[in-house]
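K.L.:
Take this sequence and fold it.
(3 chains)
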Amino acid sequence: MPTYTPAQQEAIACLDAPLQIIACAGSGKTQVISQRISEILKLPGVEPRHVAAFTFTEKAAAELKDRILSIVEQEHGSATGLAEMYVGTMHAFCLNLLQTYVPETFKYSVLTEQTQRLFIDRNSRRSGLTECPTLSAGTPHLRRFIHSRLYTQVMSILTEDETDLSLVCEEVKAAVGKYRDLLEANAYFDYTSMVDRAVRFLESPDEGIGTAAHALLQHVRDDVKFVVVDEYQDVNPLQERLIRGLVQFGANLCVVGDDDQTIYQWRGSEVANILTFAGRYEGIRSVTLAHNFRSSQGIVALGRRVAEGISVGNRLPKSMEHASHQTWDRGDIIAGAYLTPEDEAAAICERIQDLRGVAFTDRPGTEPRGLSWSDVAVLYRSVAADAGPLVAEMERRGIPYIVKGLTRLFDSREISAVVSLFRYMTGHAAFADVEALWAVSGLLAPGVSVAAAKPLLDAGADFGRGERWGTYNLQRLYLDVLDALGIREDTVPGDPVRGELAMYQLGKFSQVISDFEAIYFSSNPKDKYDSFVGWLEYQAPGYYDEADLDTGYATPDAVTISTVHQAKGMQWPAVFVPCLRANRFPSKRHGGLGVFHVVPDTAVPHADRYRGTVEDERRLFYVAVTRAQKFLYLSFSPGTSRLFQKASAFFGEATTVPFVSTAAPLLGASVARLEPHPRVEVPQVTLSFSELKYLFECPYQFKIRFLYGFNPPIHEALGYGKGLHDALAEMHKRALDGDVLDATAVDELVQRHLHTPYAYPLLREQLERAARAALKRYFVLHGDDLPRTLHSEKQIQVHVAPGITVDGRIDLIKRLETDEVSIVDFKSTYRAQAEDVTRDQLHVYAVGYQELTGTSADVVEVLNLDEDGKNTRETVVGQLLIDVRDRIHDAGESLRTNKLDRLPTWCSTCAACDVRSLCRSAEPVSQVLTP
DNA sequence: CACACCTTTGTTTTT
DNA sequence: CAAAGGTGTG
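P.N.:
Numbering: from 1, shown residues only, chains lettered A, B, ... in the order given. Here you go, the predicted structure:
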């Protein structure tokens, strides 16, 4: 066990009272939580499934889980059942809870921000959008398309906050009900409704759906014994209700956070939750982790000064203390003012180049190394508004950088060219326009003309050819066009990086089509194409404004340029915070139609937090400052307009802190220098079963699907296989409770679970018949096995090495008549995404089962639900399990190093791959020329 | 100092 | 199209 401070030890050891951990920046919070959870797992009678730990992002969850597993493996040797410990977001927890215990919700899918807006606009009347009045004279009612984002904000505030509905006008209240009904009618959750549904189950079980509510509550009562909430300061009122609901039967609660780092008020975080925690729970213990192990004395002093500017009533009393080995030297912290943004950018670049090679010690007792590009971050209040001059200067000097949120997907020449195809098809552009855009797209190999795709476009635009709407598939047309033009990573002119970049843009567009088509799949074809083009022109550019270049899992050695928000939880040896201008940081309030023109601000407690206050901005500045380990450069230059002429109050305040210099020479030769050596970061790799399957099958296929983001076309029968799986899941779950169904339940099961939103009426009938037949057949062939069900939809997990985890669910685990344990995977032909189960995958299941129970399964089998489908059954062999572990490990490594190569030669995998046209020619090349 | 008028701007982002 | 900073007037 590493050494802990007395406060850390106290937090780790307090397992029997509600605990509040106030964790200052850099206080080793994650380590303390992880160690505390490890202690919980040592308690007699405590199983991993008794623990639920919440984080705000999937990334933070992966890191926390990995840390816990490392500690547990070290201290307990190995432990079984860890897959059943919940570490994740509250959203995923709620979704999981509902889709495990409430059969009616098994078929629900989740709307993203994009599909949610598409859905609301397509149903603008039925969702109540156009009936919402506003306080603005110019806008008597919300309007379709224009106000759908505002509408989603209103809907989430009304369910996520403690809104006083008596102050909200009738039409808006009606809209909430209409929108909720519309979601349910279409089997959708949005991010709010999944939490809301779960909370309502926990709060008023009597109104629930009988047995489901009972089972859900039973699970919470029996299994949830320890709840840990990280980043508690960012919890919103609905999430606070969820926490209350989860601990209502006496579970131990531990909340961890720092009120000074509340930076998401504008999306509902309620600081009051953490400020008044002590008064709301009985007998709480409170521990403050005040020691900062990250930053030098100077940074800590500056941070403390910034935080002390928050008024006493809005802050928990605490004083961050310097405890790091980092030294402060005069000149490490500079607040510099410049005459123009260009001067400021140049000065930043000078410093960055000066810092490269400076000796730096990451941890006490380790060897120093030379700083490199990736040790530097430049943090802006608004990257979009202010980062331009710096990016230009970095570009000029050839300093490598990563920036998010500056480039817009729809401004790129690649996407302009692609959009023109659809404009041509709907008569909004001449073919000459298309040719002009493709000529400058940088996508076509020499000698290839977009004219090669014209026949496809003309045929596609003939909307009189067939009556089935599903045949007018946007995604298929798109992939066919790319194929006809021979566009692949290696045919795009330029160096390999250029090829990757282009494919990444094109993959994003595939996602754009998927989003649109998920909502508009079954519209009259002509209308669908027209809506698509209109949407591409007016809506989509605003939906997909960040074309953040995801570099995959490999981390390049480059300067990070990002917003302060995105820097939360991170640290760098050197941090720059430029453009500290009045009206920018702190940001002035903004105009325009807002939520409080629809909902009166008196109906929402602390409504101001949604608009943003100066204190909120101060907390954001506090986060920025405390990211730095040693070097911190604050700077100001007047902006282009009248509004941004003066320096930020924060800037002036910083200059009054003794550790801060207003000018200092470059370090030059005055400090020790070493060869630049970027810090080694181990990116977390968490793979789902289906991702792993693709990675095993063909690494390049994985790259096309998951890194570039290409999606296969929607199949009209989509949902059939899922429906069968869900029906079987209900059968097995009820069998586990002693409720063994027979064939008379088939109609009801199909009715409840089969959801095929893209099927035309005739196909829907066919699918229903097929589903009934499949379930009846299952009852005949396997009905007798039902009582021998051991687990249904069992969550498993394989932790292969630090940072590499595979997550997944096993359809069914049952005891055979021979008393052996069998792992079963169901298969159905109609299952849209050809989920072929390979032997490898089955053996991964077997490994997961082993980690879960500590015992080995005897056989793995594939059970085909089709009438004449083939089943397989295979003995689990120990050596195979070891081999599979090695293969997962290799797969994870290839991801981290970004080595995702094509299979060397054409093979059966290629023949079955539905994205192969993006990889190589369909025909195997018989004569390969080798230079 | 109070007020009217004119000008400029439009953030931050996860699930 | 709304809001608030800046500027000018009394």
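K.L.:
The stretch 451-600 of chain A: strands as residue ranges?
P.N.:
Counting by DSSP state E, counting those that start in this stretch, the stretch 451-600 of chain A has strands at residues A:559-563, A:572-577.
K.L.:
Name the residues of chain A found near DNA strand B, please.
P.N.:
Within chain A, the positions adjacent to DNA strand B are A:56-59, A:89, A:91-92, A:112-113, A:191, A:266-267, A:381-385, A:405, A:562-563, A:565-566, A:587, A:589-592, A:611-612, A:640-643 by Cβ under 7 Å from any atom of the strand. For the C-beta atoms, the positions are set from N, CA and C on the backbone; glycine is no exception.
K.L.:
Any stretches of the stretch 751-900 of chain A with poor pLDDT?
P.N.:
Along the stretch 751-900 of chain A, segments meeting pLDDT under 70 span A:830-837.
K.L.:
gap between the residue of it found nearest DNA strand C and A:E716?
P.N.:
Closest to DNA strand C within the stretch 751-900 of chain A is A:P757: 36.0 Å, counting by Cβ to the nearest atom of the strand. Distance from A:P757 to A:E716, counting by Cβ to Cβ, to the nearest Å: 10 Å.
K.L.:
So the two - more neighbours on which side?
P.N.:
More neighbours surround A:E716 than the other of A:P757 and A:E716, with 24 against 18 (other Cβ atoms under 10 Å).
K.L.:
show me what contacts the closest residue to the more buried one other than its chain neighbours?
P.N.:
Among residues not flanking A:E716 along the chain, A:G470 sits closest, at 4.3 Å (Cβ to Cβ, 6 or more residues apart in numbering). Residues near A:G470 by Cβ atoms under 8 Å, 6 or more residues apart in numbering: A:521-522, A:714, A:716, A:758, A:760.
K.L.:
can you pick the most crowded of the residues you listed?
P.N.:
A:E716 (24 neighbours).
K.L.:
Three-state assignment for that one, please.
P.N.:
coil (DSSP: H, G, I helix; E, B strand; the rest coil).
K.L.:
That one against A:A759, yeah?
P.N.:
Yes. A:E716 lies in contact with A:A759 (Cβ atoms under 8 Å); the separation is 5.3 Å.
K.L.:
so where's chain A uncertain?
P.N.:
A:1, A:205-209, A:467, A:545-551, A:830-837, A:922-931.
K.L.:
please redo it, this time with the cut-off set to 50
P.N.:
A:831-835, A:925-931 (pLDDT under 50).
K.L.:
centroid residue for it?
P.N.:
A:E58 (5.7 Å; Cα atoms, centre = their mean).
K.L.:
List the residues that contact it.
P.N.:
Contacts were defined as Cβ under 8 Å, 6+ apart; by that measure A:E58 touches A:88-89, A:92, A:686.
K.L.:
Over to A:V403?
P.N.:
Going by Cβ under 8 Å, 6+ apart, A:V403 touches A:383, A:387, A:391, A:561-562.
K.L.:
hmm, 7 Å instead?
P.N.:
Counting by Cβ atoms under 7 Å, 6 or more residues apart in numbering, A:V403 makes contact with A:383, A:387, A:391, A:561.
K.L.:
In helices, which of these appear?
P.N.:
A:383, A:391 (DSSP state H).
K.L.:
can you tell me which two in the contacts of A:V403 are farthest apart?
P.N.:
A:V383 and A:V391 (9.1 Å; Cβ to Cβ).
K.L.:
got any residues that touch both of these two?
P.N.:
A:403, A:406, A:561.
K.L.:
out of those, who's nearest A:Q74?
P.N.:
Among those, A:I561 lies closest to A:Q74 (Cβ to Cβ), at 37.1 Å.
K.L.:
Thought A:G405 was touching that closest one, still the case?
P.N.:
No. Under the criterion of Cβ atoms under 7 Å, A:I561 is not in contact with A:G405, lying 9.3 Å apart.
K.L.:
higher neighbour count, the two?
P.N.:
Taking other Cβ under 10 Å, A:I561 and A:G405 do not tie; A:I561 has more neighbours (23 against 18).
K.L.:
Next up, the contacts around that one.
P.N.:
A:378, A:383, A:387, A:390-391, A:401-403 are the contacts of A:I561 under Cβ under 7 Å, 6+ apart.
K.L.:
Neighbours of the residue of chain A found nearest DNA strand B, how many?
P.N.:
Using Cβ to the nearest atom of the strand, the single residue of chain A nearest to DNA strand B is A:S641, 2.5 Å away. Using other Cβ under 10 Å, A:S641 is surrounded by 8 other residues.
K.L.:
again, but for the one 10 residues further on
P.N.:
Using other Cβ under 10 Å, A:F651 has 22 other residues around it.
K.L.:
what sits against it?
P.N.:
By Cβ under 7 Å, 6+ apart, the neighbours of A:F651 are A:335, A:580, A:634, A:636.
K.L.:
Could you check stretch A:794-807 and say which residues are buried?
P.N.:
For stretch A:794-807, burial by neighbour count (16 or more other Cβ atoms under 10 Å) applies to A:794-800, A:803-807.
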